[in-house]
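# Sequence first, predicted coordinates after that:
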Amino acid sequence: MAANSSSPADSSSSPRPHTYTIGYAMLPNKHDTFVQPSFLDLAARHSVRLEAVDASRPLAEQGPFDIIVHKLYGQAWRAQLEAFSALHPDVPVVDPPAAIERILDRFTMLDVVAGLGVATEGAVATPRQVFVADAAALACDDADAALSGLRFPLIAKPVEVDGSAASHDLCLVYRREGLRGLREPVVLQEFVNHGGVLFKVYVVGDHATCVMRSSLPDVADARLHDLAADAAAPFANISLLPPPAAGDVEMPPQDFVNRVARELRRALGLHLINFDLIRASDPDGDAKYLILDINYCPGYSKMPGFEPVVLEFLLELLRNRPGHEQPCPALALARV
Ligand SMILES: Nc1ncnc2c1ncn2[C@@H]1O[C@H](COP(=O)(O)OP(=O)(O)OP(=O)(O)O)[C@@H](O)[C@H]1O
Ligand SMILES: O=P(O)(O)O[C@H]1[C@H](O)[C@@H](O)[C@H](OP(=O)(O)O)[C@@H](OP(=O)(O)O)[C@H]1O
Ligand SMILES: [Mg+2]
Ligand SMILES: [Mg+2]
C-alpha cells in the first residue's frame, strides 16, 4: 500500500496526523474549476492534500499516492494506470479505465440501463437509437432500413466521447434530408418531448444531487412537415443555458433519484458520474423518465456544495482500504 512517507519528525507530544495524498490527473480546464483553493483548504483541514499528476511522466515514478482520481483519455494514459495498479494494487484508482471506457461510446453507454431494477419496473428507460457507421446509407433511398423504424425528430450524436468540443456537436434532425452530411460514425436517437427541462444528476459514490437545466424545447408534429424550415439544426452544450424558473418545474422525487443513481453507478462500476434525465411529456408506455447521457467525472463545480461531498467520498475510500490503520475524520453528509 502506498502511504505518504514525507512526515518530518514532530517534536510535540501528540502524534502528527497522517497526511493522505490524492493524485489527480485531469485537463487544465477541469482542474481549474475542481481544485480551487477552498477545496484544498477543506481537504487540508482533514489531513488530505491534492497533488497534480504529471501525465507526461511515468505515474509509477510519482507519488506516493493514497488514491488516484483521473479524467484523461487515450491508450497511453490507460497503460500508465494499469502499470501503476500492478505496482500498487491497494491504491484505489477512481475509476478503473475499463469501466470508464464503456461510457465513452454513446451507442453502448446506455445499454446498462435496461438491466437496472428501476428499468425492469418500468420507471426508467432510454430513447430508441441506432448506430450508423456509414453516412452514405442515410442518403440513399433505403435510408429507412438504416433507421430501423426510428421516428423523427432524431438527435444525431458523435459516437465517441473523447473530451473534445466536437464530441458535443449534436444535431436535431427533423426529416430525412437533414441526415445528409452527418459525420459518421454517429448515433441517431429518437428525440423525446420533455417540456424543455433536463435533470442532471451528479453522483459521487453514494451521494446524488439532482439539478435542473435547460434543454431543447418540445418539437410539434407540424414542424416535421414544414418544408420551408431547416431539415436539421446543429446545437451544442445546451445545458449550459440558464435553467428554467425553479417554481415552474416539479423535481423528480429524491428517493427515486437516489435509487437510479445507486443502481446505475453500481452496475457501471463507477463512482464519479453524472447522468441526464428527462421526464417524457407524452410517455409511450409506463416509463416516465428517460436517461439520455452518462458522463464520467463531470463538472462537479456546477454541483451545489460539491466540495464536502467529494472530500467525504475520498475519506470514505481511505477508510475502506484494506489494511489501513489510521482513522480518517468523517464529514456529516446525507447518503443515497
Ligand atoms: N433523445 C433525446 N430526447 C430529447 N432531448 C435530448 C435527447 N438527447 C439529448 N437531448 C438533449 O440534448 C442535450 C445534449 O445531449 P447529450 O446529453 O447526449 O450530449 P452531451 O454533449 O454528451 O451532453 P453533456 O454536456 O451532458 O455531456 C441533452 O442534455 C438534452 O437536453
Ligand atoms: O470532458 P468531457 O467528456 O467533455 O465531459 C464533459 C461532460 O460531458 C459534461 O457533462 C460536463 O458538464 P456538466 O457538469 O454540465 O454535465 C463537462 O463539465 P466541465 O465542462 O465542467 O468539465 C465535462 O465534464
Ligand atoms: Mg448530456
Ligand atoms: Mg455527455
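Arrived safely, thanks for sending. It should be emphasised that the depicted structure is a prediction, and the values quoted were computed from it without experimental measurement. Ligands and ions are numbered 1, 2, ... in the order given.
# And stretch 66-78, what's buried?
By neighbour count, with 16 or more other Cβ atoms under 10 Å as the criterion, the buried positions of stretch 66-78 are 66-73, 77-78. Placement of C-beta: from N, CA and C, glycine included.
# cool, and stretch 258-268?
Judged by neighbour count (16+ other Cβ under 10 Å), stretch 258-268 contains these buried residues: 258-265, 268.
# out of the residues you listed, what pair is the most spread apart?
Across the buried residues of stretch 258-268, the two members that end up farthest from each other (Cβ to Cβ) are Asn258 and Leu268, 16.0 Å apart.
# any idea whether the residue nearest in space to the middle of the chain is helix, strand or coil?
By Cα atoms, centre = their mean, the chain has its centre lying nearest to Asn295, at 2.0 Å. Each residue gets one of three states, and Asn295 gets strand by DSSP: H, G, I helix; E, B strand; the rest coil.
# partner residues bridging it?
Per DSSP bridges, the residues bridged to Asn295 are Asn274.
# What ranges in the stretch 51-200 of the chain fall below the confidence cut-off?
Counting by pLDDT under 70, the stretch 51-200 of the chain has low-confidence residues at 141.
# For it, which residues are neighbours of ligand 2?
Where proximity means Cβ under 6 Å from any ligand atom, the interface of the stretch 51-200 of the chain facing ligand 2 comprises 161, 163, 200.
# And the buried ones among those, selectable in PyMOL?
Restricted to buried positions by 16+ other Cβ under 10 Å, the PyMOL selection for these reads:
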select buried, resi 161+163+200
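# Dump the residues of the stretch 51-200 of the chain next to ligand 2 into a markdown table; add secondary structure and distance to Asp248 as well.
Written out in a markdown table, the entries for these read as follows (DSSP: H, G, I helix; E, B strand; the rest coil; distance: Cβ to Cβ, whole Å):
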| residue | secondary structure | distance to Asp248 |
| --- | --- | --- |
| Val161 | coil | 31 |
| Gly163 | coil | 34 |
| Lys200 | strand | 17 |
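# Specify which member of the residues of the stretch 51-200 of the chain next to ligand 2 is nearest to Val309.
Lys200 (14.9 Å).
# one step back: redo the residues of the stretch 51-200 of the chain next to ligand 2 as CSV? Include distance to Pro322.
Written out in CSV, the entries for those read as follows (distance: Cβ to Cβ, whole Å):
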residue, distance to Pro322
Val161, 33
Gly163, 32
Lys200, 34
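# re the thing from before, relative to Phe39, how far out is the residue nearest to the centre of the chain?
With distances defined as Cβ to Cβ, to the nearest Å, the gap from Asn295 to Phe39 amounts to 20 Å.
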